[in-house]
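**Q** what's the 3D shape of this:
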Amino acid sequence: MMRLVRGLVAGWLLLLAFSQVVGLALVWWIFIRTPRGQVLDASVLRASTIGRSQVEDLVNLILNAVTVVSLVVATVAIGFVAVARRRYRLAVVATLLVVGANVTSQVLKRFLIERPDFDIAGTNIGAPNSMPSGHVTVAAAITVAAVLVLPSRLSSPTAVVGAAYTALTGIATLSAGWHRPSDALASLLIVGSWAAGGGYLLVVAQRNQPVSEPADSHHRTVAILALVGGSLLAVAVLATGPPTRVN
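**A** As a prediction, this is how the structure comes out:
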């Protein structure tokens, strides 16, 4: 029975990872390769600049907190927590998730994704391409990895705080004019894909092993990851909702 459950969970995680990769491709095509998508993105971005002066200090504080140093420190801390709990597979998967998601974002943005110029006024924010957002990728990846390695009693509050911080980071990048809404959505899909892939590896690795700690099992962690991923995706979808007309 346990093997059947693990097989179903593994299959679901593979499907989830694949669906998010497909979603990422759709976001790329709609918001970069089509004129209407570029206009929608730019319209929401212009609306997000309203009242920028009132929140400028908070925006700068949030964005300045995301640096290469902070990313390295957070990744090492997450790995240390997993090792201290003797969850060596979790340490490897959590580190792989953070590194893989951030490398994927940087490779896509710097080398693979090109934004065509359709000569539409107001669609250029001063950069040829801004997808995906490195800041949102860092915030989301650290959140998911932390939820993965922490004990179950701490994972839920960590998920709530991390989801809120990730949402604020996405909003801050828009308010600062650094990124378009689709950039944040793409970042969440990248992190979600790596999280689902990591969950699959954990489930497969323990397929032939008994569950030694039922109260703190990987299956519960997978459920929490799915909840966090769904919440972050919902935030991104709301951010790319109907645009507000700004003259």
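**Q** lowest-scoring secondary structure element of the chain by mean pLDDT?
**A** helix 218-239 (a mean of 52; mean pLDDT, DSSP states H and E).
**Q** longest single helix anywhere in this protein?
**A** In the chain, taking DSSP state H as the definition, the longest helix is helix 2-33.
**Q** which intervals of the protein have sub-threshold pLDDT?
**A** The model of the chain has pLDDT under 70 over residues 1-2, 48-55, 125-128, 207-247.
**Q** in three-state terms, label residue 86 for me.
**A** coil (DSSP: H, G, I helix; E, B strand; the rest coil).
**Q** ok, it to residue 6 distance?
**A** 21 Å (CB to CB, to the nearest Å). All C-beta spots, glycine's among them, are computed from the backbone N, C-alpha and C.
**Q** the more surrounded of those two?
**A** More neighbours surround residue 6 than the other of residue 86 and residue 6, with 19 against 8 (other CB atoms under 10 Å).
**Q** measure how buried the closest residue to residue 124 other than its chain neighbours is and give me the count.
**A** Residue nearest to residue 124 in three dimensions, not counting chain neighbours: residue 117, with 7.3 Å by CB to CB, 6 or more residues apart in numbering. When neighbours are defined as other CB under 10 Å, residue 117 has 10 of them.
**Q** residue 117 reaches residue 38, doesn't it?
**A** No - with contact defined as CB atoms under 8 Å, residue 117 does not reach residue 38; the gap is 9.3 Å.
**Q** can you give me the helices in this protein?
**A** Counting by DSSP H, the segments of the chain that form helices are 2-33, 35-48, 56-64, 68-84, 88-107, 134-149, 152-175, 181-205, 218-239.
**Q** against which helices or strands is the second one packed?
**A** It stands for helix 35-48. Contact here means 3 or more CB pairs under 8 Å, 6 or more residues apart in numbering; DSSP states H and E; on that basis helix 35-48 packs against helix 2-33, helix 152-175, helix 181-205.
**Q** so which of these gets nearest residue 95?
**A** Nearest to residue 95, of all the helices and strands packed on helix 35-48, is helix 181-205, at 9.8 Å by CB to CB.
**Q** could you list the buried residues of that closest one?
**A** Neighbour-count burial for helix 181-205 flags 181-203 (criterion: 16 or more other CB atoms under 10 Å).
**Q** quick check, central residue of the protein?
**A** Centroid-nearest residue in the chain, with CA atoms, centre = their mean: residue 188, separated by 2.9 Å.
**Q** surely that residue meets residue 140?
**A** Yes - Residue 188 is within contact range of residue 140, at 5.7 Å (criterion: CB under 8 Å).
**Q** before we move on, the earlier item: how close does the residue nearest to the centre of the chain get to residue 169?
**A** Distance, residue 188 to residue 169, by CB to CB: 11 Å.
**Q** return every residue with contacts to both of the two.
**A** Shared contacts of residue 188 and residue 169 (CB atoms under 8 Å, 6 or more residues apart in numbering): residue 136.
**Q** who are the contact partners of residue 29?
**A** For residue 29, the contact set (CB under 8 Å, 6+ apart) comprises residue 37.
**Q** repeat that for residue 179.
**A** Shown in contact with residue 179 (CB under 8 Å, 6+ apart): 130-131, 133, 135-136, 170, 173.
**Q** switch the residues you listed over to CSV; also include distance to residue 26 and neighbour count.
**A** Listed next are the contacts of residue 179 as CSV, based on distance: CB to CB, whole Å; neighbours: other CB atoms under 10 Å:
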residue, distance to residue 26, neighbour count
130, 18, 23
131, 13, 23
133, 17, 29
135, 22, 25
136, 18, 29
170, 19, 27
173, 21, 28
